[in-house]
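Trainee: structure of the sequence below:
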Amino acid sequence: GGVSASRKASGLEWGLHWPTPTSLPPSPSGRPGAVQHRPPLVFSAQLAHGSATARVEGFSSIRELYAKLGLAFGIAASEILYCTLSTPKLNMESLLGAQIGLEDFIFAHVKGIQKEVTVCKSEDVLGLTITDNGVGYAFIKHIKAGSLMAAVPAVSVGDHIEEINGRSIVGWRHVDVARALRELEKGRPFSLRLVEPQKALGECGPAQRGSRGLLGGRKRPWGGTCRSWPKASPEREGAASKVDYFLELYLGIRDFELATTIFEAGKDKLNPDEFARALDDALGDFAFPDEFVFDVWGALGDAKEGRLH
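Mentor: Numbering: from 1, shown residues only. Alright, predicted model coming up:
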């Protein structure tokens, strides 16, 4: 597919889990000790283009985190495009997603220059991978080398797509944005309104975690992560990766979370018809073509037989 999508930055709710509070030993008087309360979850943060360090706490979702960051830096939460963890650079592998470590340093990338580009869709494939920040902003995660969009210097990784042909797409899911771009008519020009993240002066961004002692070289005493997922089996991981490949091939979407959901829907089915019905029940809105269903069924069979590597 020419346009693909990723859910790595999707707006998943976090569960902020702590060990159950314990009681202190009895006092000399024999009375039970006071309950030992959990320390607050506190994270250090900066604006990616440069700012003082702030502390944010008391959030349980990406939307709430953006609100806390807005308050900490005196900006509207809607100015935040996305966050990276432990680096202020536009490293798409460090995007804030469904898991955040208690020692991760948060860098918020905010809106910068707005720009408009007009491109003639001379090829079926645009070469863009689209993701979103979980609260309604889609942006470019990857531009395929040698593709149509790679030849447009004004379009960059990290740019938020605000409009397509004058139509606002703010609030759209990444899947819908990818579909809209894929369905643009070949041979016709189309326009994009983009917003690039604000950049630091010069080439140097703010200090990364530890590079200037932002955390004082100390580990937080409680350690761990706010949310952790069960370790995926090799079978599940391999099958989901193969399904993800077929999603891009047939639908122009790269979405590992969706691929995992498809795997879970089909792993215990006995034949393609059962699998197709399960997909319709769980994910009917996607209207998967028959060719996709049969290819994915084959991949699930290979996974069960241990033929995926």
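Trainee: from here on, just use CA atoms for contacts and neighbour counts.
Mentor: Fine.
Trainee: separation between residue 256 and residue 192?
Mentor: Counting by C-alpha to C-alpha, to the nearest Å, the gap from residue 256 to residue 192 is 26 Å.
Trainee: check residue 301 too.
Mentor: Distance, residue 301 to residue 192, by C-alpha to C-alpha: 42 Å.
Trainee: residue 58 too?
Mentor: Distance of residue 58 to residue 192, given as C-alpha to C-alpha: 37 Å.
Trainee: cool, residue 283 as well?
Mentor: 30 Å.
Trainee: these two - which one has more neighbours?
Mentor: For residue 283 versus residue 192, the count of surrounding residues by other C-alpha atoms under 10 Å is larger for residue 192: 20 against 15.
Trainee: wait, doesn't the more buried one sit right on residue 114?
Mentor: No: the pair residue 192 and residue 114 does not pass the contact test of C-alpha atoms under 8 Å, sitting 10.6 Å apart.
Trainee: pLDDT weak spots in the stretch 101-250 of the chain?
Mentor: When residues are selected by pLDDT under 70, those of the stretch 101-250 of the chain lie in 201-235.
Trainee: ok, which stretches of the chain are helices?
Mentor: For the chain, applying DSSP state H gives helices covering 62-73, 174-182, 234-251, 256-266, 272-283, 290-304.
Trainee: any idea how many residues pack against residue 249?
Mentor: Residues lying near residue 249 (other C-alpha under 10 Å) number 15.
Trainee: could you list the buried residues of stretch 181-201?
Mentor: For stretch 181-201, burial by neighbour count (16 or more other C-alpha atoms under 10 Å) applies to 181-182, 184, 190, 192-200.
Trainee: repeat that for stretch 164-181.
Mentor: By 16+ other C-alpha under 10 Å, the buried positions in stretch 164-181 come out as 164, 169, 172, 173, 174, 175, 177, 178, 179, 181.
Trainee: residues in contact with residue 43?
Mentor: Residue 43 makes contact with 55, 56, 57, 102, 103, 104, 105, 106, according to C-alpha atoms under 8 Å, 6 or more residues apart in numbering.
Trainee: can you list the domains in the chain?
Mentor: With domains defined by the TED database, the chain comprises 42-110, 111-197, 234-305.
Trainee: which pair in the buried residues of stretch 181-201 spans the largest distance?
Mentor: The span of the buried residues of stretch 181-201, defined through C-alpha to C-alpha, is set by 184 and 200 at 34.6 Å.
Trainee: how about the strands in the stretch 1-150 of the chain?
Mentor: 3-6, 42-47, 54-57, 80-85, 106-120, 128-132, 138-143 (DSSP state E, counting those that start in this stretch).
Trainee: between those, which one is nearest to residue 296?
Mentor: Closest to residue 296 of the strands of the stretch 1-150 of the chain, according to C-alpha to C-alpha: strand 3-6, at 17.9 Å.
Trainee: let's test this: mean pLDDT of the closest one, rounded?
Mentor: Averaged across strand 3-6, pLDDT comes to 56.
Trainee: so that it lines up with my notes, have the first residue be 30 from now on.
Mentor: Got it, first residue is 30 now, which makes that one strand 32-35.
Trainee: give me every residue that touches the residue nearest to residue 325 when sequence neighbours are not counted.
Mentor: In space, and not counting its chain neighbours, residue 325 is closest to residue 272: 5.9 Å by C-alpha to C-alpha, 6 or more residues apart in numbering. Neighbouring residues of residue 272 by C-alpha under 8 Å, 6+ apart: 288, 289, 291, 292, 325, 328.
Trainee: gap between stretch 305-316 and the chain center?
Mentor: Distance of stretch 305-316 from its chain centroid, counting by C-alpha atoms, centre = their mean, to the nearest Å, is 24 Å.
Trainee: export that stretch to PDB, keeping only CA atoms.
Mentor: Only the C-alpha atoms of stretch 305-316 are listed here, as PDB (Å, rounded to 0.1, in the frame of the first residue of the first chain):
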ATOM      1  CA  ALA A 305     -14.200 -14.900   8.300                       C
ATOM      2  CA  ARG A 306     -17.300 -14.800  10.600                       C
ATOM      3  CA  ALA A 307     -15.100 -14.000  13.600                       C
ATOM      4  CA  LEU A 308     -13.600 -11.100  11.700                       C
ATOM      5  CA  ASP A 309     -17.000  -9.800  10.700                       C
ATOM      6  CA  ASP A 310     -18.200 -10.000  14.300                       C
ATOM      7  CA  ALA A 311     -15.200  -8.300  15.800                       C
ATOM      8  CA  LEU A 312     -14.000  -6.000  13.000                       C
ATOM      9  CA  GLY A 313     -16.800  -5.700  10.500                       C
ATOM     10  CA  ASP A 314     -16.200  -2.000   9.900                       C
ATOM     11  CA  PHE A 315     -13.000  -2.800   8.100                       C
ATOM     12  CA  ALA A 316     -14.700  -4.800   5.300                       C
END
